[in-house]
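**Q** just a sequence and a predicted model for now, questions to come.
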Amino acid sequence: MCMLNLLFQIRAGYKYLKSFLKTDWTIKDYPLRFRHFKTAGQHDGNSRLKPFPWSAQIINWWQMHGSGETKEAAFADLKARFQIAKEQKGSLPRPGTGLPIEFSSTDQISLHWNIAEDFFNRVLDKNYHDCWISDESSLWDFHHHESNDHLNKKVWECYRVDISDIEDGNLVKIFQRIEDR
């Protein structure tokens, strides 16, 4: 494993040095890593989460990745995500470097910590303090079912609050609704 990391860093160093020859970088200017997962094709059909057998990542910029049924599809997904990032951010990290991992804000969720503790225990059967929750966290993060109906029902039973119209399952919205009841 150590040798593999060394090879990745050599590839990243090469792309880094080469990046000084131009200023407008494309996906081909970045060091890439492709991975094939042998167990990914084993999908039982009972989950909305389907594993993909291929992934493509930019070395040292691990947040930038793509996945697909084939190596080519994973690269196409990565390329599309790369283009979106380029359009949204305007500037990209120099090839061979990367961006630090950014965590979503927790400002809103922390305002509801008392409800969150109870909710996690009663609805999700989890300890709130054992999870990392952000303002973007959702019911969808805690199950693999096709809908949130089973959790919507549990919220109704525990709090007598209907959250079925909160389709994105955002926990901040749910906690606010429980608080407002």
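**A** Looks like it came in fine.
**Q** now the longest strand along the chain: average pLDDT?
**A** Secondary structure of the chain per DSSP state E: the longest strand is strand 61-68. In this model, strand 61-68 carries a mean pLDDT of 92.
**Q** ok, residues contacting that strand?
**A** Outside strand 61-68, the residues that touch it by CB atoms under 8 Å, 6 or more residues apart in numbering are 30, 52, 54-58, 74-82, 85, 93, 97-99, 101-102. For the C-beta atoms, the positions are set from N, CA and C on the backbone; glycine is no exception.
**Q** over to stretch 93-103?
**A** With CB under 8 Å, 6+ apart as the contact definition, stretch 93-103 has outside contacts at 12-19, 25, 29-31, 58-63, 134.
**Q** picking that back up, if you look at the contacts of strand 61-68, which of them are in strands?
**A** 54-58.
**Q** please convert those to JSON lines, extending it with distance to W140 and pLDDT.
**A** Converted to JSON lines, the ones in strands among the contacts of strand 61-68 look like this (distance: CB to CB, whole Å; pLDDT from 0 to 100):
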{"residue": "W54", "distance to W140": "24", "pLDDT": "95"}
{"residue": "S55", "distance to W140": "21", "pLDDT": "95"}
{"residue": "A56", "distance to W140": "24", "pLDDT": "97"}
{"residue": "Q57", "distance to W140": "23", "pLDDT": "96"}
{"residue": "I58", "distance to W140": "26", "pLDDT": "96"}
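**Q** circling back: which parts of the longest strand of the chain are buried?
**A** Using 16 or more other CB atoms under 10 Å as the burial criterion, the residues of strand 61-68 that qualify are 61, 64-68.
**Q** now the angle between strand 54-58 and it, please.
**A** Angle, strand 61-68 to strand 54-58, by axes from the mean of the first three to the mean of the last three CA atoms, to 10 degrees: 150 degrees.
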